[in-house]
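Enquirer: here is my input, please return the structure:
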Amino acid sequence: MKKLLGKYGLTVRDLMQCIGGSVVACVLVFMIMIGMLTASAGCNDTTVQEPEKHYLVGDIGDVMIVDHVVNHPKVVKRIADIGLEDGYLSKTTDDYGNYFKSFGLGWFHADGNDYQQREVFDAYGSYLKDAPFVLDMEVLRWQECADFAMRMHINAQLNRGKLATVHSNKEVYKYKDALPTNKQLEKMYNYANSYSIVHNDLMKIELTEIQPGDLLAIGGYPGHVVVIMDVVKDSMGNEHFLLAQSFIPAQTPHIVENWTNKSYWFSVNDCVEKGVIDVGGYIFRTDRDVYRWSERALSTISIGRITADPNITHDYRSSDN
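Expert: Numbering: from 1, shown residues only. From the prediction side, this is the model:
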């Protein structure tokens, strides 16, 4: 004790006087000593710090985030083009799934060359990271993971003339005749979340049944939602799927990299065999976390083959600010 006090110019007598003095003075002395000890410990700590880890929801464990991005060799302008350029066969889907497959990717034209956008920004324009592909969608202030999924569902439903319903813990949001404005979307984002849609708007399906537009979802606080953007087949008939997400903070929706195989495709067979889908920040269980919007499942819709028609366009933006 004497050695410790002496290090900071104090004596045992000083300590005893403090104890015999006012309570306030005593507390102040001890607070100063604790602060000094903390600072000293930080300066003299020579232990090796572990790399940052992202902990997963669902008591499954933790996983290291691998810092790499897979770059596609060619510039592509739609989700469906990614699989076609990679040599996959397009899987038949419905008009709801068509919306996701034909969704535009971020790119720009400069000096006669096409450049693929890979930069992910937050809602305030700050650069966050690079991604394999970025979706052509503006970033809204509260548009996080579940919000991005809600917006895509609303757009896909209205695109085919159907009602779109999203439940929050406070009220029900319905859209039919026009896309919601950005202000309406942000109001919905404030109240609807992964928990509310999992418990009110989604139905569980098997991973072997997935179509573009289906979801991987963990409803909770925090939870996470990832959108299945495309499902394709390889030459052996095995299915693979492509994922997109937003995150916290609200950011540019982007394609998820499969860090386990250094690509952006996830094999249905491999995921079923493992029982999990590892997206590098969350692990989804194949027996619990695969969903479809109930409105999609209840609608009478025709199944049509997807083609790489460059003339397919959709108005996916909000009608105003």
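
Enquirer: quick one: Ala149 and Phe100, what's the gap?
Expert: Distance from Ala149 to Phe100, counting by C-beta to C-beta, to the nearest Å: 11 Å. The way it works is simple: take the backbone N, C-alpha and C, and place the C-beta from them, glycine included.

Enquirer: so what sits against both of the two?
Expert: Val227 (C-beta atoms under 8 Å, 6 or more residues apart in numbering).

Enquirer: nearest spatial neighbour of Leu135, skipping sequence neighbours?
Expert: Pro253 (4.3 Å; C-beta to C-beta, 6 or more residues apart in numbering).

Enquirer: isn't that neighbour right up against Met137?
Expert: Yes - with contacts counted by C-beta atoms under 8 Å, Pro253 reaches Met137, the gap being 5.3 Å.

Enquirer: of the two, which one has the most company?
Expert: Shown here are Pro253 and Met137; by other C-beta atoms under 10 Å, Pro253 has more neighbours (29 against 22).

Enquirer: next, the contact list for that one, please.
Expert: 134-135, 137, 143, 148, 244-246.

Enquirer: let's see 6 Å
Expert: When contacts are counted by C-beta atoms under 6 Å, 6 or more residues apart in numbering, Pro253 touches 135, 137, 148, 244, 246.

Enquirer: which ones among the residues you listed lie within strands?
Expert: Among the contacts of Pro253, the residues falling in strands (DSSP state E) are Ala244.

Enquirer: among the contacts of Pro253, show me the least confident.
Expert: Lowest pLDDT within the contacts of Pro253 is found at Met137 (90).

Enquirer: quick one: that residue and Pro212, what's the gap?
Expert: 16 Å.

Enquirer: likewise Ala244?
Expert: For Ala244 relative to Pro212 (C-beta to C-beta), the value is 10 Å.

Enquirer: what's the answer for Phe241, then?
Expert: Separation of Phe241 from Pro212 (C-beta to C-beta) stands at 8 Å.

Enquirer: same thing with Tyr115?
Expert: Tyr115 is 26 Å from Pro212, by C-beta to C-beta.

Enquirer: those two: who's more crowded?
Expert: Per other C-beta under 10 Å, whichever of Tyr115 and Pro212 has more neighbours is Pro212, with 27 against 12.

Enquirer: can you list the low-confidence ranges for the stretch 151-300 of the chain?
Expert: Along the stretch 151-300 of the chain, segments meeting pLDDT under 70 span 299-300.

Enquirer: mind doing that once more with 80?
Expert: Across the stretch 151-300 of the chain, the ranges flagged by pLDDT under 80 are 281, 298-300.

Enquirer: helices along that one, start to end?
Expert: In the stretch 151-300 of the chain, the segments counted as helices under DSSP state H, counting those that start in this stretch are 182-191, 194-200, 268-274, 294-298.

Enquirer: mean neighbour count, these: which tops it?
Expert: Greatest average neighbour count among the helices of the stretch 151-300 of the chain goes to helix 194-200 (a mean of 19), per mean count of other C-beta atoms under 10 Å.

Enquirer: strands of the stretch 151-300 of the chain, residue ranges please.
Expert: 164-167, 172-175, 202-204, 215-218, 224-233, 239-245, 254-255, 266-267, 276-278, 283-285, 290-293 (DSSP state E, counting those that start in this stretch).

Enquirer: now tabulate these in CSV and tack on mean neighbour count.
Expert: As requested, the strands of the stretch 151-300 of the chain are exported to CSV (neighbours: other C-beta atoms under 10 Å):
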stretch, mean neighbour count
strand 164-167, 22
strand 172-175, 15
strand 202-204, 16
strand 215-218, 26
strand 224-233, 25
strand 239-245, 24
strand 254-255, 25
strand 266-267, 20
strand 276-278, 20
strand 283-285, 22
strand 290-293, 22
